[in-house]
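Peer 1: My questions are about this predicted structure, shown below with the sequence.
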Amino acid sequence: MPEPEPLAAKFGSMPELFTVVAPDEAFERLRAVLKPVPRAENVPLERALGRTLAREIVAREALPPFARSAMDGFAVRARDTLGAAETSPVYLRLAGESLMGSLPSFEVLPGSCARIHTGAALPRGADAVVMIEETNALPRDEIEVLASVAPGEDVIAAAEDLAPGERAFAAGQRLRAVDVGGLAALGVVEVAAAVAPRVAVISTGDELVAPQAQPRPGEIRDVNGALICALLEGAGALVRHAGIVRDDEALLAAAAARALEESDVVVVSAGSSVSARDATARAFARLGPPGILLHGLAVKPGKPTLVACAGGRPVFGLPGNPVSAAVLCWRLVLPAVRVLLGQSVPYGGLGPAAHVARLAQNVPSRAGREDYVPVTLSWGAGGAPPEARPAFAKSNLIFSLVRSEGLLRVPRDAGGLRAGELAEIYTW
């Protein structure tokens, strides 16, 4: 994909009006200049949850290493049970018992069987297991079999889970709890994990004060700094809040330049709208080539989003309203962090929806724009899709997000959704 042309070069000077870009196209422009952070560290298994693998992991041994029983019952030669039924049982001689934690020393010969427990090793000669419910124990170590079984029935074959040399985990995979269990099964007690991208978050605005401060008339607490940091930490980034900067182009350019020196990503909250006081775009243009990649997205909320790149490091200018900042951080910055971690990210940066829900009311939208609306979900009985109730609120109201369970996506060309339609829901 060719490197996008910086806006400054395209227009000769900073444009006064938005040239909006679809979110998918915006992310692909950004992806073209992103490269995974080439740092890795060894992490013990007990701290591997949520980390991203820097290298693939290949099975060094079969899993399981031996054939095992999937049921309590009797290990048999399947051919010896041919025709067995309650009306015509088959009688087998008990040759022994397969105990947990050791391999049986005996062999199941024709006409014989072995008592076996779930997970125990299958004796030599046996190729199936008859469930204990399908048998009766008789005197003189004789077992009455009341059902026939096929070869392999209720048996977990050696290497059925993984064969030696088979790839168990791909590079770029973010480890879940079940993955940690799989690593333990393979005897992997340490993994090479991608080092978290370093992200600096800068809040801007003459009206902002720190969350611990008591605002004076006309001031508000910095919500976006904490919100953006939390979203990025959840994606696996190493985040620091680089402070509050006043609405001043020179101050912002200096703060962003300092942040770039020791970070892989810089996120600036507020100051990205086109107005007389907008210094963010000009400050970003001073950071270095290739410069501004886009200013304006065909999305609501968050249209005035700004994305630049300096020295191979992305710089984001997110809107100041908390809902807009949260939506665009989730929609654009989080997928970029995943690319830097080496994770596989789908085209456009948007993964599959968590739920498909039925709308409780109409959701208006404009064709050509991708909309995101906070929603609450309620589940009914019988496995029906949940009901999504939109929370239409102004984008500066943080509790419209706090009270929501996720975001409803209105596709770009839908022109709105009607009550009763199924819609994609992305949960927080």
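Peer 2: Good, I have the coordinates.
Peer 1: Show me how far the one helix or strand residue 130 maps to is from its chain's centre.
Peer 2: Element membership for residue 130, per DSSP states H and E: strand 128-131. Offset of strand 128-131 from its chain centre (CA atoms, centre = their mean, to the nearest Å): 40 Å.
Peer 1: Who does it pair with, and is each partner parallel or antiparallel?
Peer 2: Each strand paired with strand 128-131, and its direction, by DSSP bridges: strand 73-76 (antiparallel).
Peer 1: Now the strand it pairs with: average pLDDT?
Peer 2: For strand 73-76, mean pLDDT is 98.
Peer 1: Provide the contact partners of it at residue level.
Peer 2: Applying CB atoms under 8 Å, 6 or more residues apart in numbering, the contact partners of strand 73-76 are 69, 92, 94, 98, 108, 113-116, 122-123, 126-135, 143, 145, 149, 154. Using the backbone N, CA and C atoms, a C-beta is placed for each residue, glycine as well.
Peer 1: hmm, 7 Å instead?
Peer 2: 69, 92, 98, 108, 113-116, 122-123, 126, 128-132, 135, 143, 149 (CB atoms under 7 Å, 6 or more residues apart in numbering).
Peer 1: what is the mean pLDDT for the strand holding residue 130?
Peer 2: Average pLDDT, strand 128-131: 98.
Peer 1: Stretch 175-185 too?
Peer 2: Stretch 175-185 comes out at a mean pLDDT of 97.
Peer 1: before we move on, what about stretch 213-230?
Peer 2: Here the average pLDDT along stretch 213-230 is 96.
Peer 1: With stretch 372-390 instead?
Peer 2: 91.
Peer 1: got the end-to-end distance for it?
Peer 2: End-to-end span of stretch 372-390 (CA to CA, to the nearest Å): 10 Å.
Peer 1: What residues sit buried inside it?
Peer 2: Buried residues in stretch 372-390, defined by neighbour count with 16 or more other CB atoms under 10 Å: 372-375, 377, 386, 388-390.
Peer 1: and if you look at stretch 27-42?
Peer 2: For stretch 27-42, by 16+ other CB under 10 Å, it's 27-31, 33-34, 36-37, 40.
Peer 1: what's the closest of the residues you listed to residue 258?
Peer 2: Closest to residue 258 out of those is residue 37 (19.5 Å), distances taken as CB to CB.
Peer 1: Correct me if wrong: residue 220 contacts residue 210.
Peer 2: No - counting by CB atoms under 7 Å, residue 220 sits too far from residue 210 to count as a contact (11.1 Å).
Peer 1: neighbour count winner among those two?
Peer 2: residue 210 (14 against 11; other CB atoms under 10 Å).
Peer 1: ok, so of the buried residues of stretch 27-42, who is nearest residue 296?
Peer 2: Proximity of these to residue 296 (CB to CB) peaks at residue 29, which lies at 12.4 Å.
Peer 1: and the gap between the spatially most central residue of the chain and residue 180?
Peer 2: A centroid search over the chain (CA atoms, centre = their mean) returns residue 174, at 7.3 Å, as the residue closest to the centre. Residue 174 sits 12 Å away from residue 180, going by CB to CB, to the nearest Å.
Peer 1: Mind checking what helix or strand follows the strand holding residue 130 in sequence?
Peer 2: Downstream of strand 128-131, the first helix or strand assigned by DSSP H and E is strand 135-138.
Peer 1: Would you mind measuring from the residue located most distally from the centre of the chain to residue 93?
Peer 2: Distance to the chain centre peaks in the chain at residue 140, reaching 58.6 Å (criterion: CA atoms, centre = their mean). To residue 93, residue 140 is 9 Å away according to CB to CB.
Peer 1: With residue 227 instead?
Peer 2: The gap separating residue 227 from residue 93 is 71 Å, by CB to CB.
Peer 1: try residue 213
Peer 2: Residue 213 is 84 Å from residue 93, by CB to CB.
Peer 1: Tell me which of these two has more neighbours.
Peer 2: residue 93 (14 against 11).
Peer 1: Provide the contact partners of the helix or strand containing the more buried one at residue level.
Peer 2: Taking DSSP H and E as the criterion, residue 93 maps to strand 90-98. Contacts with strand 90-98, where a contact means CB under 7 Å, 6+ apart, come from 75-76, 80-81, 84, 104, 106, 108-109, 111-116, 120-121, 123, 141-145.
Peer 1: Just the buried ones out of those, please.
Peer 2: 75-76, 80-81, 84, 104, 108, 112-116, 120-121, 123, 143, 145.
Peer 1: In strands, which of these appear?
Peer 2: 75-76, 112-116, 143, 145 (DSSP state E).
Peer 1: Just flag the most distant two among those.
Peer 2: It's 116 and 145 that sit farthest apart of those, by CB to CB, at 13.7 Å.
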